[in-house]
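Student: sequence unknown, structure follows:
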């Protein structure tokens, strides 16, 4: 279903599409295992997409993307509506778990994702045609 939703057409021959599908699928199942509500699950997937777009489209460095994550998570657990961010439907414990997950799934492998998005790769010939 995610393959259809992400509109991946070359999954069998595109390493980039395969990696992204794996990343989104792993994130989705992690959030399901955390028993996130539908709104929390949607917000988490939006956050995954936001951080990957920052890397792929905006060419953000690791430090800049971490700052963006900090802005997105700012105000979680606070009752003052002016300080709470878009992700205020997470509890403080859930927000910590999300940050831990992002650290092990994206930020520790940031150079690899930079390579995936920004390094030209040779096209492989996969048949005689």
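Tutor: Noted; the coordinates are in hand. Please read all numbers here as calculations on a predicted model, not as lab measurements.
Student: mind listing the helices for this protein?
Tutor: Secondary structure of the chain (DSSP state H): helices at 2-5, 15-33, 38-56, 62-73, 92-105, 110-118.
Student: Reformat those helices as a markdown table; add mean pLDDT and mean neighbour count.
Tutor: C-beta: built from backbone N, CA, C; applies to glycine. As requested, the helices of the chain are exported to a markdown table (pLDDT from 0 to 100; neighbours: other C-beta atoms under 10 Å):
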| stretch | mean pLDDT | mean neighbour count |
| --- | --- | --- |
| helix 2-5 | 73 | 11 |
| helix 15-33 | 91 | 15 |
| helix 38-56 | 94 | 17 |
| helix 62-73 | 93 | 16 |
| helix 92-105 | 95 | 15 |
| helix 110-118 | 90 | 14 |
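Student: Not counting its neighbours along the chain, what's nearest residue 114?
Tutor: Leaving out its chain neighbours, the residue that sits closest to residue 114 by C-beta to C-beta, 6 or more residues apart in numbering is residue 55, at 6.7 Å.
Student: Do I have it right that the one you found meets residue 116?
Tutor: No: in this structure residue 55 lies outside contact range of residue 116 using C-beta atoms under 8 Å: 9.0 Å.
Student: mind checking the end-to-end distance for stretch 25-39?
Tutor: End-to-end distance of stretch 25-39: 17 Å, with C-alpha to C-alpha, to the nearest Å as the criterion.
Student: Against residue 102, how distant is residue 66?
Tutor: Using C-beta to C-beta, to the nearest Å, we find residue 66 at a distance of 9 Å from residue 102.
Student: For the protein, which residue occupies the most central location?
Tutor: The residue lying closest to the centre of the chain (C-alpha atoms, centre = their mean) is residue 48, at 2.2 Å.
Student: which residue sits closest to it in space, ignoring its chain neighbours?
Tutor: residue 27 (4.9 Å).
Student: Next: residue 66.
Tutor: residue 107 (6.9 Å).
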